[in-house]
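[1] Sequence and computational prediction follow.
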Amino acid sequence: GYLRCYRYGVGQAFLPHFDRGRPAAVLSPQGRSYTWNRLLFSRHSLLVYLNSTQVGAFTGGGTTLMPEGAGGTTIRLSPASGAAVVFPHGNHHASMLHAGEEVTSGLKYVMRFDIVCKAHGSA
């Protein structure tokens, strides 16, 4: 899978988007580089919140999920430090449009993991 660490400062946001699915990166047979394993594919995003508004680390910066797409129902999250949320992404039939709201003070830290599964049609 993939691991990303995000740091959002004042005025920063992540506009509405879909996370992209991708093949798993694996060590090449020579062991000196990486290659793609197309039998494994990322299908879900796992966001882990490393700090929170609840302890005053930042203001703003909530995560908005839009399960019906833009203009539909929204779910606004402002999780506690250490909390996590999982949602489908990429070519998944329920891929989730989502956004990171603007941080208005402090610094927000989030880790994103891609959860890797067998690709459709792989044995």
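    Done, it's in. Numbering: from 1, shown residues only.
[2] Spit out the contact partners of Tyr8.
    Going by C-beta atoms under 8 Å, 6 or more residues apart in numbering, Tyr8 touches 14, 58, 61, 100, 103, 107-110. For glycine as for every other residue, the C-beta is placed from the backbone atoms N, C-alpha and C.
[3] Could you check how far it is from Lys108?
    When distance is defined by C-beta to C-beta, to the nearest Å, Tyr8 is 4 Å away from Lys108.
[4] One more: Lys118?
    Counting by C-beta to C-beta, the gap from Lys118 to Lys108 is 34 Å.
[5] When these two are compared, which one has more neighbours?
    Applying other C-beta atoms under 10 Å to Lys118 and Lys108 shows that Lys108 carries more neighbours, namely 25 against 12.
[6] Wait, Ser95 touches His89, no?
    Yes. If you go by C-beta atoms under 8 Å, Ser95 and His89 touch, sitting 5.3 Å apart.
[7] neighbour-wise, which of these two wins?
    The neighbour comparison of Ser95 against His89 (other C-beta under 10 Å) goes to His89, with 22 against 19.
[8] Endpoints of stretch 41-59, how far apart?
    End-to-end distance of stretch 41-59: 35 Å, with C-alpha to C-alpha, to the nearest Å as the criterion.
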